[in-house]
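Asker: give me coordinates for this.
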Amino acid sequence: MRLKIAMICSIFLFMATKVNSYVGITWGRQQSQQLVPSVVVDLLLQNKIPALRLMTSGYDIIEVFSATNISISITLGNQFVWQAHRKDLAYEWVNDRIKDPINKGVNIVEVTVGSEPFSNTFLKEAKSDNMASVLRLMRETLDEVGLGYVKTTTGHGIDVLKVTKFPSEADFRDDIKGPMLDSLDQFNKTGAPFVLYMFPIYFVKEVLNYTMEFAFLDNKSGFKIQDGNFTYTNAVELMIDSLAWALKKAGYPNIKIVIGQIGWPTDGYPHANVKNAERFHKGFLKFLASNKGTPLRPGPIDAFLHSLSDENQFRTMFGAFQRHWGIYESNGNPKYKIDFSLQDRDEYPTQAKGIVKMPNRWCKFNGDRSNMNLVNKNYDLACKEADCTRLEKGGSCDGLSFESKISYAFNAYFQKYKQKVETCDFDGLGEIVATNPTVKDCEFPIEILAFQDQVELNGMVLRI
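Answerer: Coordinates of the predicted model:
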């Protein structure tokens with residue numbers, strides 16, 4: 001009888017201590033009109049998203065997360081590393097950006113020092129050789145001000161590896177091994193995770209050159225990779241285990257891997273559309289919910305979906321898709337069905353509430369082709385300043401007529417500059433209309449009221 005009671009107690013103890021995967025989300029703010037932070041808080045709470053990875057320090061909006069219990073990871077971007085490269089500067093940054101918000105009730109749990117500092121693809125121009133030393137300095141400073149529980153780590157892309165066909169052959173690139181090993185030593189000593197940014201759509205097409213089906217967790221092609229006793233039917237598990245092998249070879253087999261960014265764009269790239277984005281996330285979230293892990297790393301995996309909303313001012317040097325990672329449109333409308341609770345429910349996430357849209361006005365081309373040099377000049381001007389990525393080859397608005405493409409560009413510029421009448425002039429080629437010029441699946445958007453301006457929302461005046 002005592003043995004049976006002991007066994008039952010052990011079972012309940014195991015159930016109580018069982019750790020499950022969790023899913024958070026990233027939020028980048030490179031938009032012409034940003035979502036009001038209080039609206040973002042509401043979206044996270046309504047969708048029961050427990051964690052947020054801010055791609056900046058969020059110093060101007062961080063206090064809005066006070067008392068929400070949402071776990072926040074903030075980022076010290078590559079371009080701002082100089083702000084903490086000396087002890088006095090590190091103290092100042094920590095006090096302003098971390099300690100002060102925490103004292104006001106913000107649940108900051110992690111600081112990501114740098115974003116892909118060793119990249120040789122997406123962020124190669126921002127490569128930093130002193131990231132490991134700043135990482136160490138930040139750790140020391142946090143400890144000294146009584147914030148030892150706040151983790152310090154760095155976000156890396158899969159390009160830190162010499163990627164091969166088989167995960168077991170993966171290793172860190174030779175040119176970064178020194179600072180990488182220094183960073184890993186710090187992670188190991190402090191219990192910090194290795195934060196991996198991974199984008200299967202790009203990895204499968206540009207790096208592996210495999211069938212795109214391999215990017216999906218529900219791969220229907222039958223294509224697979226056999227690596228010794230391990231079988232890989234999708235890129236997600238293959239990428240995670242490639243990193244796990246590299247960590248093992250570096251002498252740190254037990255460092256936790258957290259997926260800091262993973263997602264699927266909806267425009268501007270082959271196979272980038274709403275249907276595939278919904279399919280990818282559905283399969284990926286089922287994978288997380290199973291807690292099965294990967295062949296080399298079985299068990300729960302923590303991940304941050306990338307990203308909350310589109311960023312129409314993100315750099316496009318590697319493709320138009322860089323602006324279209326959002327699960328939500330920049331106006332707070334969800335693009336597709338996704339269940340953040342990991343229960344595989346077939347439903348759209350919560351609509352953003354409290355969005356204030358600009359008036360139903362659009363700017364369009366008046367059709368005057370008498371001076372095509374002038375038309376082309378103004379088209380180029382509009383697309384240099386505003387987001388025309390959907391017009392690019394393969395984009396959702398690629399099939400528009402000539403006049404509609406000009407109108408789309410004019411309207412993008414007009415909306416970016418808050419519908420000011422003079423921004424629809426274009427040397428007399430533009431006209432403001434109240435009839436929506438949207439064509440089929442190519443929407444001519446109306447911007448939301450900018451967070452950067454003073455706005456009145458629910459009786460409150462918000463300012464940066």
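
Asker: helices or strands up against the helix or strand containing Val134?
Answerer: Using DSSP states H and E, Val134 falls within helix 131-144. Counting contacts by 3 or more Cβ pairs under 8 Å, 6 or more residues apart in numbering; DSSP states H and E, helix 131-144 packs against helix 87-94, strand 108-115, strand 151-157, helix 177-190. For glycine as for every other residue, the C-beta is placed from the backbone atoms N, C-alpha and C.

Asker: dump those to a markdown table, plus distance to Gln322 and mean neighbour count.
Answerer: Formatted as a markdown table, the helices and strands packed on helix 131-144 follow (distance: least, Cβ to Cβ, whole Å; neighbours: other Cβ atoms under 10 Å):
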| stretch | distance to Gln322 | mean neighbour count |
| --- | --- | --- |
| helix 87-94 | 28 | 16 |
| strand 108-115 | 14 | 24 |
| strand 151-157 | 13 | 24 |
| helix 177-190 | 25 | 17 |
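
Asker: not counting sequence-adjacent ones, nearest residue to Val439?
Answerer: Once flanking residues are discounted, Val439 sits nearest to Ser404: 5.4 Å by Cβ to Cβ, 6 or more residues apart in numbering.

Asker: how about the one you found, what does it touch?
Answerer: 437, 439, 442 (Cβ atoms under 8 Å, 6 or more residues apart in numbering).

Asker: how close does the spatially closest residue to Asp339 that is not a sequence neighbour get to Leu142?
Answerer: Using Cβ to Cβ, 6+ apart and skipping the chain neighbours, the partner closest in space to Asp339 is Arg345 (4.3 Å). For Arg345, the distance to Leu142 equals 39 Å [Cβ to Cβ, to the nearest Å].

Asker: comparing those two, which residue is more hemmed in?
Answerer: Leu142 (21 against 11; other Cβ atoms under 10 Å).

Asker: ok, that one to Val150 distance?
Answerer: For Leu142, the distance to Val150 - Cβ to Cβ - is 5 Å.

Asker: and Glu347, by the same measure?
Answerer: Glu347 is 35 Å from Val150, by Cβ to Cβ.

Asker: got it, and Gly430?
Answerer: Counting by Cβ to Cβ, the gap from Gly430 to Val150 is 51 Å.

Asker: residues contacting the closest residue to Gly191 other than its chain neighbours?
Answerer: Spatial nearest neighbour of Gly191, chain neighbours left out: Lys151 (7.4 Å); criterion: Cβ to Cβ, 6+ apart. Shown in contact with Lys151 (Cβ under 8 Å, 6+ apart): 109-111, 190-193.

Asker: as JSON lines, the residues you listed with distance to Cys397 and pLDDT would be great.
Answerer: Converted to JSON lines, the contacts of Lys151 look like this (distance: Cβ to Cβ, whole Å; pLDDT from 0 to 100):
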{"residue": "Val109", "distance to Cys397": "40", "pLDDT": "98"}
{"residue": "Glu110", "distance to Cys397": "38", "pLDDT": "98"}
{"residue": "Val111", "distance to Cys397": "39", "pLDDT": "97"}
{"residue": "Thr190", "distance to Cys397": "48", "pLDDT": "94"}
{"residue": "Gly191", "distance to Cys397": "48", "pLDDT": "95"}
{"residue": "Ala192", "distance to Cys397": "43", "pLDDT": "97"}
{"residue": "Pro193", "distance to Cys397": "40", "pLDDT": "97"}
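
Asker: can you report phi and psi for the residue sitting nearest the centre point of the chain?
Answerer: Centroid-nearest residue in the chain, with Cα atoms, centre = their mean: His306, separated by 3.0 Å. The phi/psi pair for His306 (degrees, to the nearest 10) reads phi -120, psi 120.

Asker: quick one: residues contacting it.
Answerer: 25-26, 197, 199, 261-263, 325.

Asker: one more pass at 6 Å, please.
Answerer: 26, 261, 263, 325 (Cβ atoms under 6 Å, 6 or more residues apart in numbering).

Asker: I would like the residues contacting stretch 383-393, please.
Answerer: For stretch 383-393, contacts defined as Cβ under 6 Å, 6+ apart pick out 267-268, 312, 320, 323, 396-397, 405, 409, 412-413, 416.

Asker: quick one: average pLDDT of that stretch?
Answerer: Averaged across stretch 383-393, pLDDT comes to 94.

Asker: now do that stretch: distance to the chain's middle.
Answerer: 21 Å (Cα atoms, centre = their mean, to the nearest Å).
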